[in-house]
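A.B. asks: Sequence first, then the predicted structure:
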Amino acid sequence: MSSIVLSVVVPMYNEEAVIPALVERLRPALDGLGVGYEVVAVDDGSADRTAQVLFEQGRVWPELRLVKLRQNSGHQAALTAGLHRSRGDWVVSIDADLQDPPETIVEMLRVAREQGLDVVYGVRSDRRTDTFFKRHTAGAYYRLMRRLVGADVPSQAGDFRLLSREVVDVLKVLPERTPVYRLLVPSLGFAAGQVTYVREKRAAGETKYPLRKMVALAWDSAANFSAAPLRIATWLGAIAFLACLALMVFGMVVWANGTVIPGWTSLFLAVLLLSGVQLICLGLLGEYVARIYKTVQNRPTFHIGFDSATVPQEVEIPKQRSAATAL
Ligand code: UDP
Ligand code: MG
């Protein structure tokens, strides 16, 4: 086992203004743990002095590590980099802006160890400091995601969470190009719990999540977990086909009455029939594309939590599935 018990991954994009305040609160909280730790600060291709400030801070705080990405790759990509570089037995991811209180990390680690959990989510009990717009869009997002991914997705749990090494190792081998960790982690089915915290105001600087990035995250979330958009073609095709059947009768009646321009009926029906058939075929292709997509994502289809042949008999059976669902 490594001597580093805890890794704290902090993605940062243009966060120079907040670093001094972050260091001031994070360091005492982590020093107080009394275990070996590292802080993996991932500079997500910042245009400001984030990397320099981190590097300078690292001179007086040896546990602070700087991992610098060559270009801005986005919050989730920065998290991926941090997970890959972290060495601790436990890995916490936390925002740089002190909206997630660093002191909660201590509680997360305690809960995980005491209850034998692999995942502990930080759940926001109070979002009053967020804007009206952010609270409502976030509410809608979590409702939709629970429908897509299942009830294991704790609502109001962002990217402030603790993971065990086992979970991190599973995440690292997934070949996903656009992971959305707040959904991916619950979908793996590890024993999970949660601690609640009050979401604070951003300590300094501006949000790095403009509407454009929020929409991109929502689309990645939906597309990573649902093939429903691919099925739209099938449904449209089925509707066109049914409409074609109904209109066929209408077309015949009009034709029998002799009130149409010659050629109209056949053209009308041919257009309807062919577009229906084409859409259904597109939908069929979509179904296979969805299967290929699933295969490429290569998510584990099962996860063995316990096997009495490989674990000594006297060991207690580990906790089953998410405590999160029960809360
Ligand atoms: N972030 C990042 N890359 C980006 C955007 C954001 O690493 O392209 C980081 C940012 O520095 C912060 C975290 O992601 O540590 C969350 O961003 P922010 O606090 O701006 O989002 P909000 O709280 O406004 O949703
Ligand atoms: Mg923030």
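C.D. replies: Nice, thanks for sending it over. Ligands and ions are numbered 1, 2, ... in the order given.

A.B. asks: Quick check: mean pLDDT of the helix or strand encompassing Tyr121?
C.D. replies: Secondary structure here is read from DSSP states H and E; on that basis Tyr121 sits in strand 119-126. When the per-residue pLDDT values of strand 119-126 are averaged, the result is 92.

A.B. asks: Other residues contacting the helix or strand encompassing Arg59?
C.D. replies: Using DSSP H and E, Arg59 sits in helix 50-60. By Cβ atoms under 8 Å, 6 or more residues apart in numbering, the surrounding residues in contact with helix 50-60 are 12-16, 19-20, 23, 41, 43, 64-66, 68. All C-beta spots, glycine's among them, are computed from the backbone N, C-alpha and C.

A.B. asks: CA atoms only: put it into PDB for me.
C.D. replies: Provided in PDB are the C-alpha atoms of helix 50-60 (Å, rounded to 0.1, in the frame of the first residue of the first chain):
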ATOM      1  CA  THR A  50      -3.100  29.600 -12.000                       C
ATOM      2  CA  ALA A  51      -0.100  27.300 -12.700                       C
ATOM      3  CA  GLN A  52       2.500  29.700 -11.500                       C
ATOM      4  CA  VAL A  53       0.600  30.500  -8.300                       C
ATOM      5  CA  LEU A  54       0.200  26.700  -7.600                       C
ATOM      6  CA  PHE A  55       3.800  26.100  -8.300                       C
ATOM      7  CA  GLU A  56       4.800  28.800  -5.800                       C
ATOM      8  CA  GLN A  57       2.400  27.500  -3.200                       C
ATOM      9  CA  GLY A  58       3.900  24.000  -3.800                       C
ATOM     10  CA  ARG A  59       7.300  25.300  -2.500                       C
ATOM     11  CA  VAL A  60       5.900  25.800   0.900                       C
END
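
A.B. asks: Isn't Arg161 up against Val92?
C.D. replies: Yes - if you go by Cβ atoms under 8 Å, Arg161 and Val92 touch, sitting 7.1 Å apart.

A.B. asks: okay, and the common contacts of these two?
C.D. replies: Common contacts of Arg161 and Val92 (Cβ under 8 Å, 6+ apart): Met108.

A.B. asks: Isn't Ser164 up against Ser86?
C.D. replies: No - taking Cβ under 8 Å as the definition, Ser164 is not a contact partner of Ser86, at 11.8 Å.

A.B. asks: Would you mind telling me which of those two has the busier surroundings?
C.D. replies: The residue with more neighbours, out of Ser164 and Ser86 and counting by other Cβ atoms under 10 Å, is Ser86; that gives 27 against 21.

A.B. asks: Which residues are in contact with the closest residue in space to the more buried one that isn't next to it in sequence?
C.D. replies: Nearest in space to Ser86, with sequence neighbours left out and distances taken as Cβ to Cβ, 6 or more residues apart in numbering, is Ser7 at 3.6 Å. Going by Cβ under 8 Å, 6+ apart, Ser7 touches Tyr37, Glu38, Val39, Val40, Gly82, Ser86, Arg87, Gly88, Trp90, Val91, Val92.

A.B. asks: chain center to the helix or strand Ser7 falls within: distance?
C.D. replies: Element membership of Ser7, judged by DSSP H and E, is strand 6-12. Taking Cα atoms, centre = their mean, to the nearest Å, one finds the center of strand 6-12 at 17 Å from the center of the full chain.

A.B. asks: Mind pulling the model confidence for the residue nearest to Ser86?
C.D. replies: Ser7 is assigned a predicted lDDT (pLDDT) of 98.

A.B. asks: Pull out the buried positions in the strand holding Tyr121.
C.D. replies: Val119, Val120, Tyr121, Gly122, Val123, Arg124 (16 or more other Cβ atoms under 10 Å).

A.B. asks: Over to stretch 271-288?
C.D. replies: Neighbour-count burial for stretch 271-288, with 16+ other Cβ under 10 Å as criterion, is recorded at Leu272, Leu273, Ser275, Gly276, Leu279, Ile280, Gly283, Gly286.

A.B. asks: out of those residues, which one sits closest to ligand 1?
C.D. replies: Minimum distance to ligand 1 across these is 30.9 Å, recorded for Gly286 (Cβ to the nearest ligand atom).

A.B. asks: Tell me what angle the helix or strand hosting Val167 forms with strand 119-126.
C.D. replies: According to DSSP H and E, Val167 maps onto helix 165-173. If you take axes from the mean of the first three to the mean of the last three Cα atoms, to 10 degrees, helix 165-173 sits at 90 degrees to strand 119-126.

A.B. asks: All good on my end, thank you.
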